[in-house]
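have a look at this fold, sequence not included:
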């Protein structure tokens, strides 16, 4: 049997036992004070453990699979919503970073402080509201907050786009980025999360060959994109949003947004930036636009840009204003107003001993990117410029396209008339040619002689002309009707049919009227306005068909003509009778 051993403290001397009891009592008295001190200094073990748990959650958030942000968030325009992950610090309590998520009720919960509504608040407004919320309860606490991860939202794309539909994107994505990535749906899964093409080959979408290149937004669309929110509508103006202070014109997306890309209006004014810029472009003109809008749309200067030679040309080409910019592409002087048709030209640096070899041409009509293109005068050819601008639309009529080269220097009507008289004075024309000659001189059009069909069929053709500074290239739309007028029963428009003759169109217009002179019916060519008198002439798109009346001849003149004809016949009969008599 084991012998009983007494507690060692009982074997201590009496003096030591007294001291041990006093120490135990003192320790028991100090424990509540220590617990209170720990609580007041924020060193509570339970709280520290919770904070460590928050830190673990933050680490998991930061080391997890990343999601594309879409863009840098502007706290003044980013609208917070359910699912946004926020991080915050409260100095004075502890210095650990904590994570909270905005609830589905659109509220945010802060440890120790409570709940605050986020409805209708931007990130900056929420940050300010939380700081005030915390300081009301703890005046000595400093609060800071930041967005750690943007939520995912559903946004719908519609209008004049290649791939309409609903997409799941981060709320940090702006309208401009949304439009860019949805041009290539392989980068963004429709109604799904962003596609990680590097990890799963089976998830990569293979696009048909003809659908890989989606045309960019038109000059009209980039400034008139409609964003329909659940509460209100806003308009995105992408070029202007690049200017400091106008970032809100390229808004971040929200839950349920619908981005609508408009179809082009038939006619709208444009302004352009060309030359040594990263993005030579034409955009729709809005009243009140200034030069800074065009400079921002140009994307900044290239390395060969001459920043001391930037010129704003007004829509009429008569007023030129020199613009001053610094190395960061910001205007340092006046920011002048634009007019419809204005162009900013950024010259290229001229090397020593060389002359400037830069010019501009204007493109109008059925060309993918209308506006201004930079050329080397006398070197750049017609086909090259049009291909650089995206080519001719399927609605474009090559047979009606033309290049116009405005004459240098304006002249008056009297000056033109005097010049015509001088030319007529030394010509071999007869007086009967006077009226038509003056008409031809009066209506001389400054066209460059070329055939677009031949130019595009053969790049080495002489019709693929070399362009000059100031040339204007115009490609009209293919007409769907032919105008038939003059002495026809039912004058008016007749639907165009390829390969039909003049007679066919006259029949479609009801046939010849009683006063018509069929032998004088003519086709008036759409481009040159030259008349072709031939019943079998093929009518082309843009042509007109004109049937003149019989010539109006005075009665006396008509009798004289009949008398002359009768005299001629009598003379022929007399001569014939004389010849027969001699032969007998």
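Great, that's in hand. Source: prediction; values computed, not measured. Residues are numbered from 1 along each chain as shown.

tell me the contacts of the closest residue to residue 448 other than its chain neighbours?
In this structure, residue 448 finds its nearest non-sequential neighbour in residue 403, 4.2 Å apart by Cβ to Cβ, 6 or more residues apart in numbering. (C-beta placed from N, C-alpha, C; glycine too.) Taking Cβ atoms under 8 Å, 6 or more residues apart in numbering as the criterion, residue 403 is in contact with 382, 447-448, 450, 465, 467, 471-474.

now do residue 273 against residue 282, distance only.
Relative to residue 282, residue 273 is positioned 8 Å away (criterion: Cβ to Cβ, to the nearest Å).

now do the shared contacts for those two.
Counting by Cβ under 8 Å, 6+ apart, the residues touching both residue 273 and residue 282 are residue 372.

who's more crowded, those two?
Each of residue 273 and residue 282 has its neighbours counted (other Cβ atoms under 10 Å); residue 273 has more, 28 against 25.

re the thing from before, from the contacts of residue 403, which single one is nearest residue 338?
Set against residue 338, the nearest of the contacts of residue 403 by Cβ to Cβ is residue 472 (19.5 Å).

was I right about the closest one contacting residue 362?
Yes. Residue 472 is within contact range of residue 362, at 4.8 Å (criterion: Cβ atoms under 8 Å).

off-centre distance for stretch 393-409?
Once both centres are worked out by Cα atoms, centre = their mean, to the nearest Å, stretch 393-409 turns out to sit 23 Å from its chain's centre.

tell me the buried residues in that stretch?
For stretch 393-409, the neighbour count (16 or more other Cβ atoms under 10 Å) marks 396-403, 405 as buried.

residue ranges of the strands in the stretch 1-150 of the chain, please?
For the stretch 1-150 of the chain, the strands defined by DSSP state E, counting those that start in this stretch cover 85-91, 98-101, 107-110, 114-117, 142-149.

which one of these lies nearest to residue 221?
strand 142-149 (30.4 Å).

name every strand pairing with the helix or strand just after the closest one and say which way it goes.
Elements were assigned by DSSP states H and E; along the chain past strand 142-149, the next helix or strand is strand 152-159. Sheet neighbours of strand 152-159, with direction, are listed as strand 165-170 (antiparallel), strand 258-261 (parallel) (DSSP bridges).

looking at the ones you listed, which is buried most?
strand 258-261 (a mean of 20; mean count of other Cβ atoms under 10 Å).

poorly predicted segments of the stretch 301-450 of the chain, please.
317-318, 350-357, 407-421, 423-426, 431 (pLDDT under 70).

show me where it has its strands.
Taking DSSP E, counting those that start in this stretch as the test, the strands found in the stretch 301-450 of the chain are 305-313, 320-323, 343-348, 359-365, 371-375, 402-404, 447-448.

sorry, back to before: kindly reformat the strands of the stretch 1-150 of the chain as a markdown table containing mean pLDDT, distance to residue 573 and mean neighbour count.
Listed next are these as a markdown table, based on pLDDT from 0 to 100; distance: least, Cβ to Cβ, whole Å; neighbours: other Cβ atoms under 10 Å:
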| stretch | mean pLDDT | distance to residue 573 | mean neighbour count |
| --- | --- | --- | --- |
| strand 85-91 | 87 | 114 | 18 |
| strand 98-101 | 88 | 117 | 18 |
| strand 107-110 | 89 | 117 | 17 |
| strand 114-117 | 88 | 116 | 13 |
| strand 142-149 | 88 | 111 | 17 |
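
of those, which is nearest residue 326?
Nearest of those (Cβ to Cβ): strand 142-149, 32.2 Å.

picking that back up, what subset of the contacts of residue 403 is buried?
Buried, going by 16+ other Cβ under 10 Å: 382, 448, 450, 465, 467, 471, 473-474, out of the contacts of residue 403.

which SSE is residue 529 in?
Taking DSSP H and E as the definition, residue 529 sits outside all helices and strands.

what of residue 503?
Counting by DSSP H and E, residue 503 is part of helix 502-508.

packing partners of that helix?
strand 481-486, strand 544-547 (3 or more Cβ pairs under 8 Å, 6 or more residues apart in numbering; DSSP states H and E).

ok so, going back, out of the strands of the stretch 301-450 of the chain, indicate the one that is most buried.
Among the strands of the stretch 301-450 of the chain, ranked by average contacts under mean count of other Cβ under 10 Å, first place goes to strand 371-375 (a mean of 24).

across the sheet, point out what pairs with the residue nearest to residue 448.
residue 448, residue 473.

tell me how far it lies from residue 364.
The gap separating residue 403 from residue 364 is 11 Å, by Cβ to Cβ.

which neighbours do those two have in common?
Both residue 403 and residue 364 are contacted by 472-474, under the criterion Cβ under 8 Å, 6+ apart.

got those as JSON lines, with pLDDT and distance to residue 542 columns?
JSON lines is the format used below for the shared contacts of residue 403 and residue 364 (pLDDT from 0 to 100; distance: Cβ to Cβ, whole Å):
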{"residue": "472", "pLDDT": "87", "distance to residue 542": "18"}
{"residue": "473", "pLDDT": "91", "distance to residue 542": "17"}
{"residue": "474", "pLDDT": "90", "distance to residue 542": "13"}
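
any idea which of those residues is closest to residue 250?
Nearest to residue 250 among the shared contacts of residue 403 and residue 364 is residue 473, at 32.0 Å by Cβ to Cβ.

which stretches in the stretch 451-584 of the chain count as strands?
So, for the stretch 451-584 of the chain - with DSSP E, counting those that start in this stretch - the strands run 472-475, 481-486, 492-495, 522-524, 531-532, 544-547.

of those strands, which stretch is the most buried?
strand 544-547 (a mean of 22).

related to what we said a few turns ago, export the strands of the stretch 1-150 of the chain to JSON lines and tack on distance to residue 370?
Converted to JSON lines, the strands of the stretch 1-150 of the chain look like this (distance: least, Cβ to Cβ, whole Å):
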{"stretch": "strand 85-91", "distance to residue 370": "45"}
{"stretch": "strand 98-101", "distance to residue 370": "49"}
{"stretch": "strand 107-110", "distance to residue 370": "49"}
{"stretch": "strand 114-117", "distance to residue 370": "49"}
{"stretch": "strand 142-149", "distance to residue 370": "41"}
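
of all those, which lies closest to residue 300?
strand 142-149 (28.5 Å).

contacting residues around the closest one?
58, 61, 67, 73, 75, 78, 80, 84-92, 99, 123, 126-127, 130-131, 134-135.

that strand vs strand 85-91, what angle?
160 degrees (axes from the mean of the first three to the mean of the last three Cα atoms, to 10 degrees).

related to what we said a few turns ago, in CSV, list the helices and strands packed on helix 502-508 along with mean pLDDT and distance to residue 308.
What follows is the helices and strands packed on helix 502-508, written out as CSV (pLDDT from 0 to 100; distance: least, Cβ to Cβ, whole Å):
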stretch, mean pLDDT, distance to residue 308
strand 481-486, 91, 52
strand 544-547, 92, 52
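
to residue 184, which of those lies closest?
strand 481-486 (39.6 Å).

can you pull out the helices in the stretch 351-500 of the chain?
For the stretch 351-500 of the chain, applying DSSP state H, counting those that start in this stretch gives helices covering 382-388, 413-425, 434-442, 452-457.

cheers, nothing more for now.
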